[in-house]
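Asker: Please find the sequence and the predicted model below.
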Amino acid sequence: MADFVKSGHGEWEDQSLKTRCRILWRRPEAFASDIYQWADSNGYINSVCTLYELHSGEDVNGTSFEGADEELLRRAIGILEGQGKAKLFKGETSSEDGVKFFR
């Protein structure tokens, strides 16, 4: 498990005990890139979509992030926020949180 963590394809869920490890088939940075490419290709730049749409919407069928864990989606969006490419907005529920994409 330590090799997964070292390579960025795993993370300890209980950092102090190291008994539970989340395995990531793709790193959050790769998901961030895929999400932004999807937003650009599908006309979502300067538009808003919900986390639900990113997770389960018809437009994401066949993408690497379709059905991805919500926490992983939020981390990828956080990476895009840090790059100035997206902004997360609070909705009434977590699945209604919106994401606006920027150039």
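Answerer: Sure, I can see it.
Asker: Roughly how far does residue 56 sit from residue 25?
Answerer: 19 Å (C-beta to C-beta, to the nearest Å). C-betas here are computed from N, CA, C, even on glycine.
Asker: When those two are compared, which one has more neighbours?
Answerer: Using other C-beta atoms under 10 Å, the more surrounded residue of residue 56 and residue 25 is residue 56, with 14 against 8.
Asker: And the helices in this structure?
Answerer: Shown for the chain, the helices assigned by DSSP state H span residues 2-7, 28-41, 51-56, 70-82.
Asker: residues of the first one that come out buried?
Answerer: This points to helix 2-7. Neighbour counts over helix 2-7 (16 or more other C-beta atoms under 10 Å) mark residue 5 as buried.
Asker: What of the third one?
Answerer: The neighbour-count check on helix 51-56 (16+ other C-beta under 10 Å) flags 51-55 as buried.
Asker: ok now do the residue of the chain positioned farthest from its centre, which residues does it touch?
Answerer: In the chain, counting by C-alpha atoms, centre = their mean, residue 17 sits farthest out from the average C-alpha position, at 26.3 Å. Shown in contact with residue 17 (C-beta atoms under 8 Å, 6 or more residues apart in numbering): no residues.
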